[in-house]
Structure formats: C-alpha cells, structure tokens
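Trainee: I would like the atomic coordinates for the input below:
(2 chains)
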2 protein chains.
Amino acid sequence: MNELTMSLDAKSKTPLYEQIYLYIKNEIRTAQLRSGDKLPSTRALCRYLEVSRSTVELAYEQLLSEGYVEAEPCRGFFVADVEGLYQLGRPAARYRGADTAKGTDCLYDFTPNGVDLNSFPYNAWRKLSKESLLDDRAELFRLGNPQGEYGLRSAICSYLHQARGVNCDPEQMIIGAGNDYLLMLLATMTGQDHTVAFENPTYRQAYRLFENLSFRIRTVDMDSRGMDVKELEASGADIAFVMPSHQYPLGIVMPIKRRLELLRWAGKQEGRYIIEDDYDSEFRYKGKPIPALQGYDSQEKVIYIGTFSKAIAPAIRMSYLVLPQPLLKLYQERSRFLNSTVSKVDQLILEKFIGNGYFERHLNKTRALYKSRHDTLLSCLKSSLCRTEAFRISGENAGVHLLLHVQNGMSEEELIRRAGRRGVRVYGLSEYDVEPRPKAPATILLGYANMSEEKIVEAVKILTEEWKV
Amino acid sequence: MNELTMSLDAKSKTPLYEQIYLYIKNEIRTAQLRSGDKLPSTRALCRYLEVSRSTVELAYEQLLSEGYVEAEPCRGFFVADVEGLYQLGRPAARYRGADTAKGTDCLYDFTPNGVDLNSFPYNAWRKLSKESLLDDRAELFRLGNPQGEYGLRSAICSYLHQARGVNCDPEQMIIGAGNDYLLMLLATMTGQDHTVAFENPTYRQAYRLFENLSFRIRTVDMDSRGMDVKELEASGADIAFVMPSHQYPLGIVMPIKRRLELLRWAGKQEGRYIIEDDYDSEFRYKGKPIPALQGYDSQEKVIYIGTFSKAIAPAIRMSYLVLPQPLLKLYQERSRFLNSTVSKVDQLILEKFIGNGYFERHLNKTRALYKSRHDTLLSCLKSSLCRTEAFRISGENAGVHLLLHVQNGMSEEELIRRAGRRGVRVYGLSEYDVEPRPKAPATILLGYANMSEEKIVEAVKILTEEWKV
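Mentor: Below you'll find the predicted structure:
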C-alpha cells in the first residue's frame, strides 16, 4: 500500500480535499500509482495527513466519480485502469490550473484583500447556527422576503445608523449574496441606459461588472481628496461610483467638503445618483470619524452598499443595499419579483450574531488586531525604507492596506519580482488602473489584515534588503 | 400587565416574530396599549404563546428599534409615547401589507408552488450543518471557487447524470443562489443583444427577468407536445427558453420527437441556444422516464438549469447551471471574476446531504408523498367534477400541479371567487399568460404538494358544490 506523502498547504485557496484529490490524480496520471495499486483507507490517510476524515472521503469520492479509482467492497480503494480517461481529465486540469494559481505558497503575502480568520468566533457562529436551526423549523425553509428578513434588516439598519451615520429604515434595505449580485440587481432597477463614472484607479470588480452589463463607463481622476467633481461634471456621467470612507486602492479618505460637493453635483440634476461603496469602513486609525456620504444626503441621491465579507469573513455571502426612495419605488415596480439570494437560516444566524453583540465584539477585536498590525507595518517602514526620500507612504489612515510610493529607479514589476524571489508577495498599483495613468510613480499595495506582527517585521526587513539602493 | 392574546399563524409566510411585532405595534397604534403600559417579559410571553424565546425577543427588539417600546433596566418593557412615530411607521405598514398578502389564511391552498416541509429531514440537515462547521474551520470562511466548490459540483453532476441523463462534468457547472441569479449571470456571458423565445403561457419569473434585462422577447405558442418549432423558427429568436420535463404552467411533458426537433432548430445556426429549465423534473408519475434535453445535445447547444428549491426546500438558495463549451468559454473570459453567491458552509452541507444519501432518501419520500396526493386529487376529481364533460384534466403526468379546464359557463374569476368564499384558494391559468391567448377556456391550476390527502378530499368536495352546475 502507498504512503501518499503529499505536502498540504492549509493556507492555499485550493481546499484540502482538492489538494489531496489533485495529488493522487497526478500520481495516477504520471503512473507513480499504477492500475490495481491499493490506496490507503480513508481512516489511515486522514490520520496520516492529519486532516478530517470527511476531507479524505471527499477526495476519494471525486477520484471515484471521475473513474481514477475503484472501490471494492470490503477490500478498499484501488487505482483504476485509466487509459480512456485522459480526455475527461484534461479540461479539468486546465481549469484547476487557473484555480490553484490563486493559491499561493509564498511565505509573506501582503494581499490587500486579506482577512484575519484566526480571530473569527467559530464557536459563537456554530452555536448560533445550531440555535437558528432549532427555531421555527418549517418557517425557516419557506421562501423568505425578497428584500431579506425584516429582523436582519432592522439589525443592520441600527448598526449602520450608530456606526456609520447612515439614515435608513429596514424598508429601504435589500440583503443579497454579495456586492456583485446587488449591483446586478441595481441594474435591473435602473436599466443599463446610464453613464457611470468610476475613480481611476478603482475597484476593478465593480468597474468590470458595469462594463459587462453594458452601461456606459467613464473614468474620473482623483486628487488628494478623492474624485474630482469638476471632471465628474464634465464627464457627462449620471451615476458616480465612489468609496469615500477609504478609496480602493488609493486609500484616500474623502473629506466632508468633497462629500458635500459630490452631493451638490448629484442634486443639480434629476436622475443623478451616487453609489457609495462603504466596503471597509469598519477600520479607521486616524482623524475624526466621518459619517457615510449617505448620512449627509437630504435629496435621496445616495445608493449605499456595504458588505460583511471584510468585517466578518469573505465566505459570508451577505451584503446590503440601502436605496433612496426613487430607487426603492423602481425596485418595487421592476425587481421585487426576484427571490432573495440568501438563505433564511444564514440570515437568522447573522441577525443573532449582530443582535447578541457578537458582531460588535468581533469588530472591536479585529479593529484592535488590525490597528496593531497597521502600526507595526508603519513603524517598520518608517525606520527602514522610508528613511530615504525614495519611499513615501499614503492611504494609511483607514482600511486594511496602505500604499508605498517608490522612486528608487525600480519599476513596479521589478519591485514585485525582487520581493517575490525572497518569498514576499506584494501588489502593484497599476493592477488597479482602469485607464493608464500618465507619470504614475511605482506604487506598491501592502495589505496587513492577514499578517502577524512578527511576519510583518520579517517581511519589511526582506523588502528593505531587496529594494534599498 | 397585559396578556397579549394574539392568534399566531404558523403557516403564514409572515414569520412568527413579525406577527407578534405587528400585533403589538397595532395594539399600540390603536391605543389598546397605552403609553406606560408594561409588556409581559419575553420569558412570560414565549411560554404563553408557546414560541421560542428568541422569537419574542426579535419582536421586542423591532419594537424597541422603532421606538414603540422602551426598555427600563431591571423593570422590563413599557409602551412608549408614540405621538411622533406614525410617520416612521407608515411606509413599513404599507410595505408589510404587500408582504402579508402573500401569507394566506384560507383553509385549503392549491398553490402550484407548494412544497411539503413536514417531510424535510431537519435533523439530518442540523447534523450535517454541525459537521460542516467542525470541518477545516478557516478554510470554510475563505472566499470559495466562483463556480461553486468542486466537491458539490461533482456531487450534483453525478446526480444529474444518473437521474436526468445530463452529460456534464463539474467544470461546466456553476452553482448560484437561485435561478434568478444564474439567469442574470448568464446574461453577463451572452450580453443582452439576443432574442429569447418563451412558451406562452410560461414561468413569469424568467420572462420578466429577461424582459427586465432588456433582451428582445418573443412568445411562441404551444401545441400538445410543447413549443411549436415552426413558430419558433419564424419568431427570429436565437435563444429558446423551455421546460421540457414538465412545462410550467401547462404541465406538458415534451416527447422525444419534439425535443429532437428543438435541437435541430438550435443546430441550424451558429449562436442559437436552448435554455432548459428542469425545475421540477424530480417528480414524474406516468410514462417512461425521458432524459433531459441536454442529454440528447451533441452540439453544445443546451444551457441546463436546475434548482433544489422544489426538491429540498424553497429557502435552500441553491441552483445550478450546466454550460455548453462555447458559453463556458465566455463565462471564463467575461464573468469568472464574479464571486460565488453561495456560502461555502451551505455548499458543504448540501454536498454532504447528497453524498451521504440523504437527498436520495428525501426525494424518494417526497416522490411517494406527492404521488399519493396526486392520485388522491385525480381520483377525487374524476369521481366528482370530471364526471361531466364540463371539466377536463391535463398536465397530470408529472410535477406537483395539474390543470382543470372548465367549461361550465363560469369565468376563471368566478371559479376562483366561488372557491375562495368557501376558503379554497385556487389559481387561474390566465395569471401566467405573457400574451393574451385567444379563445382560451377557463383553466384552474391545482397544486397538491403541500396538501394532505384528507384536505384534498375536503377541498374537492367544496369545489364540486361551488362549481357543479
């Protein structure tokens, strides 16, 4: 029997069972495992690899379902004769190639999309999900309110009111499975005959989505305060997509003055709207708290969108949209027939999570955590790279990433390459350009949400060695 | 202290906590409860109403958040002075009006969208969800594969292959939060510059969605075999939306010959596609099993869509799309950046539900259940109304509803009204017309999935008294 000594990467985006599956499949393809070879029992293998039994069972089920492995009653699993199978296998392999590319094996990853999952309150979540399933039974499995359950909506509303100064009542809120979906839903209300202005650089996901939904797109440059309102006016756009609390990727916190200018722009014409994406507003380190743009909106111009994937976990597929009255009316006329995309059970769990104070506790915990990582990164950079003119920091007042502007003669590509060869993954700003920005200096994004303080120290040391000239 | 004697309707679509909330709110509005009155403690009230504690707490939280009730530390809950509050309350009331209208207080509801939730394996679901949350922890809360987790996709693929003769591998499948979402996603691949042909009458939800996404829409009449392919050809459509296994609402099962004609239509031109909505294929009572249209498709023309909301529960927001190669390519180029809309936890639960055989057991159980209800309804109708020429049954070979064509001189409206005044809710076919069908006789839809056999017997007795002339 084979030992199947594979190295599993728990950090990888590729699930463990898939890593096991891929390893064995590859062993078979490359004839390391030959037709008729016996595989270890799931019990033996899960003990050996120290993963859960079901993880191994999953991997075996896949191999079975694809015919790489055969199960013989009471004897176990055996490698099948796979002559005919390559055809079937190939697209799969190609496909997963794209997938595993995402999973990284670098030692330090400054991804700006990181979230610290070690601090996720698994036990609370488990407890609440257990409770939720004990509740009203059948009720829970009926089709729910298309806007989302009233209880969850009011819980989120009061949170947004307290934490973000958002004025909304539950009637204006729609809960959906992620921002992408909610923006699609928004498109069903407005129709595509609109011109949407994006900051440049911006959050590519939203940009691509609107482009893809065949809206007309404009890009508007930013100054140090955010989107340039004169340019916006000139662009002929009727919808502006902005991230005032912490622009992604530049990290600019839009000052009140600019927010009011934006609102004035919207007020000037019937049918103008501002989409405010408040994606990581939970995290702020410096300066006075600034309420959401929506909080200043007296003319029903702001469409507010937020998510729990930063504040809780990326896999919690729940976001929320707060609609101004005119769009709420459109929603009820044109889009209310569309069913909710979030299961009632999940909504109830989140409702309890917020209602019972877990969310607040979790936020405070992660805030403190990210704050100290933020501070560590900042002081490390200041005491090393930033002692020279060549390195300048920006966007450090909020969010979970900051920017490092580099003028040491190296290009973004080179900076990334040099860091990469020492196991440090960093991200170039140009990745986020939706239109090439002239005379842009090399700029690196450093996300710290998912980096321990000691890792930050080590990583910055490496970057200093590689980038100092 | 007040007893708050309210009658809760566990069957209503309005959640229990919301019913309690509405009752108390109304008591306050109508001054049955006056400012300063003490409300029962949540513990007392939940015992009194025999609902879970959290249900009452939810109701109180809402009353608190809307200011109808005030909490006094250590003293309990008191009715607030609500003078200023009516403004706030009104939209809510209006809105919930629309909502509660859906929840019905009739005695017998022949809704064609019913699902028997008493037979839902709550304990198994609870157990699996508990297991799932114990699995790989952090892994589970990272962002998953945009197409859905590989394990679940392969589980569904093998089910579809065995049960429906669908040829797919997991690479072709996309899991999403409901059919509505998956059709929106499909639109991001194809773009809106297409003409979609729908059967008339049809599933309004899909029709409205495509209309709303500004596709060009055509309707094509049906004969006894389903969509008329000559008319389809003439319509100039390049996409046909059909439900071959059990057309909604007519209940026609499309014979193989017609399926092949449809495929030939699609094969005639580059870029023609068929969307096969297999929404309730799990239930079939008569005739040989006919594999899905997709199973006959040798030219990559069929886009297959299915859901678990009929087979498991409406609130399980999981559907799946099986893409032919050309569209899979488009998906990867244009839409793969969109995040999955289903949480990994839910996907893992469903994967285990299928993988561990619960799904099959559940299907067999509900199949048997619906079959006997189907048979009861059929025999009741045949031994009563259908003894005269005036009543004819159709669409009874599959699905969870059948049609009753009535020529007793009464209009659909009158039939519905007469049934309604005796507490029997029935549904008129014309509701489903997307274009008025000339010379259509009055036709009533009778769904039986959520009606016990004895209720069916009683209800048909009433219908006979009301409709017999």
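
Trainee: could you pull out the buried residues of the biggest helix by length in chain A?
Mentor: Using DSSP state H, we find that the single longest helix of chain A is helix A:358-383. The neighbour-count check on helix A:358-383 (16 or more other Cβ atoms under 10 Å in any protein chain shown) flags A:358-359, A:362-363, A:366, A:369-370, A:373-374, A:376-378, A:380-381 as buried. Just so you know, the C-beta spots here come from the backbone N, C-alpha and C atoms, and that holds for glycine as well.

Trainee: and the next helix or strand after it, which strands flank it?
Mentor: Elements were assigned by DSSP states H and E; along the chain past helix A:358-383, the next helix or strand is strand A:391-394. The pairing partners recorded for strand A:391-394 under DSSP bridges are strand A:401-406 (antiparallel).

Trainee: who's in contact with the strand it pairs with?
Mentor: Applying Cβ atoms under 8 Å, 6 or more residues apart in numbering or on different chains, the set of residues contacting strand A:401-406 from outside is A:110, A:112, A:249-251, A:374, A:377-378, A:381, A:385, A:390-396, A:415, A:429, A:441-449, A:467.

Trainee: what's the angle from it to helix A:358-383?
Mentor: Per axes from the mean of the first three to the mean of the last three Cα atoms, to 10 degrees, the angle that strand A:401-406 makes with helix A:358-383 is 20 degrees.

Trainee: quick one: distance of strand A:401-406 to the chain centre.
Mentor: The chain centroid and the centroid of strand A:401-406 are separated by 19 Å, computed with Cα atoms, centre = their mean, to the nearest Å.

Trainee: report the mean confidence score over that strand.
Mentor: For strand A:401-406, the mean pLDDT works out to 94.

Trainee: what packs against the helix or strand that that strand is followed by?
Mentor: Past strand A:401-406, further along toward the C-terminus, the next helix or strand under DSSP H and E is helix A:412-421. Packing contacts for helix A:412-421, counted by 3 or more Cβ pairs under 8 Å, 6 or more residues apart in numbering or on different chains; DSSP states H and E, involve strand A:427-428, strand A:442-447, helix A:453-467.

Trainee: flag every buried residue along the last one.
Mentor: Using 16+ other Cβ under 10 Å as the test for burial, helix A:453-467 gives A:Lys455, A:Ile456, A:Glu458, A:Ala459, A:Val460, A:Ile462, A:Leu463, A:Thr464, A:Glu466, A:Trp467.

Trainee: can you check stretch A:235-243 too?
Mentor: Residues of stretch A:235-243 classed as buried under the neighbour-count rule (16+ other Cβ under 10 Å) are A:Ser235, A:Ala237, A:Asp238, A:Ile239, A:Ala240, A:Phe241, A:Val242, A:Met243.

Trainee: about what we covered before: tilt between the longest helix of chain A and strand A:442-447?
Mentor: What separates the directions of helix A:358-383 and strand A:442-447 is an angle of 140 degrees, with the same axes, to 10 degrees.

Trainee: quick check: the residue lying closest to A:Pro15 once chain neighbours are set aside vs A:Thr111, distance?
Mentor: On the basis of Cβ to Cβ, 6 or more residues apart in numbering or on different chains, the spatially nearest residue to A:Pro15 that is not a chain neighbour turns out to be B:Glu139, at 6.1 Å. Per Cβ to Cβ, to the nearest Å, B:Glu139 is found 16 Å from A:Thr111.

Trainee: also A:Met173?
Mentor: With distances defined as Cβ to Cβ, the gap from A:Met173 to A:Thr111 amounts to 30 Å.

Trainee: between those two, who's got more neighbours?
Mentor: Remark: of A:Met173 and A:Thr111, A:Met173 carries more neighbours, 23 against 19, as counted by other Cβ atoms under 10 Å in any protein chain shown.

Trainee: identify the bridge partners of the more buried one.
Mentor: Taking DSSP bridges, one obtains A:Val322 as the residues bridged to A:Met173.

Trainee: pretty sure it is touching A:Glu149, no?
Mentor: No. Judged on Cβ atoms under 8 Å, A:Met173 makes no contact with A:Glu149 at a distance of 10.7 Å.

Trainee: how many other residues sit next to A:Asn272?
Mentor: Just to correct that, residue A:272 is Arg rather than Asn. For A:Arg272, the count of nearby residues is 17 (other Cβ under 10 Å).

Trainee: how much space separates it from A:Phe198?
Mentor: Taking Cβ to Cβ as the measure, A:Arg272 and A:Phe198 are separated by 15 Å.

Trainee: for the helices and strands packed on helix A:412-421, which one sits closest to B:Val424?
Mentor: With respect to B:Val424, and counting by Cβ to Cβ, the nearest of these is strand A:442-447 at 60.7 Å.

Trainee: that closest one close to chain B?
Mentor: No. Figure legend: strand A:442-447 not in contact with chain B (Cβ under 8 Å from any Cβ of the partner chain); closest approach 14.3 Å.

Trainee: quick one: residues in contact with that strand.
Mentor: By Cβ under 8 Å, 6+ apart, the list of residues contacting strand A:442-447 reads A:110-114, A:249, A:377, A:400-407, A:410-412, A:415-416, A:426-430.

Trainee: partner strands of it and their direction?
Mentor: Paired with strand A:442-447 in the same sheet, following DSSP bridges, are strand A:401-406 (antiparallel), strand A:427-428 (antiparallel).

Trainee: all helices for the stretch 201-350 of chain A, in order.
Mentor: Secondary structure of the stretch 201-350 of chain A by DSSP state H, counting those that start in this stretch: the helices cover A:204-212, A:229-235, A:256-268, A:293-296, A:325-330, A:344-355.

Trainee: what residues does the longest one touch?
Mentor: When you say that, I think you mean helix A:256-268. Surrounding helix A:256-268, the residues in contact under the criterion Cβ under 8 Å, 6+ apart are A:225-227, A:229, A:232-233, A:240, A:242, A:244, A:254, A:272-274, A:290, A:293, A:296-297, A:299, A:301-302.

Trainee: only alpha carbons, please: show stretch A:425-441 as CSV.
Mentor: Coordinates of each C-alpha in stretch A:425-441 appear next as CSV, following Å, rounded to 0.1, in the frame of the first residue of the first chain:
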residue,chain,number,x,y,z
ARG,A,425,4.2,38.7,-2.3
VAL,A,426,3.4,42.4,-2.9
TYR,A,427,0.9,44.0,-5.3
GLY,A,428,1.4,46.8,-7.8
LEU,A,429,-1.0,49.7,-8.0
SER,A,430,-1.1,49.6,-11.8
GLU,A,431,-3.0,46.4,-11.5
TYR,A,432,-6.0,48.6,-10.5
ASP,A,433,-5.7,51.1,-13.3
VAL,A,434,-8.8,51.0,-15.4
GLU,A,435,-7.0,53.6,-17.6
PRO,A,436,-3.3,54.1,-17.8
ARG,A,437,-2.4,57.0,-15.5
PRO,A,438,0.4,59.1,-17.0
LYS,A,439,3.6,59.8,-15.0
ALA,A,440,2.5,57.5,-12.2
PRO,A,441,5.4,56.5,-9.9
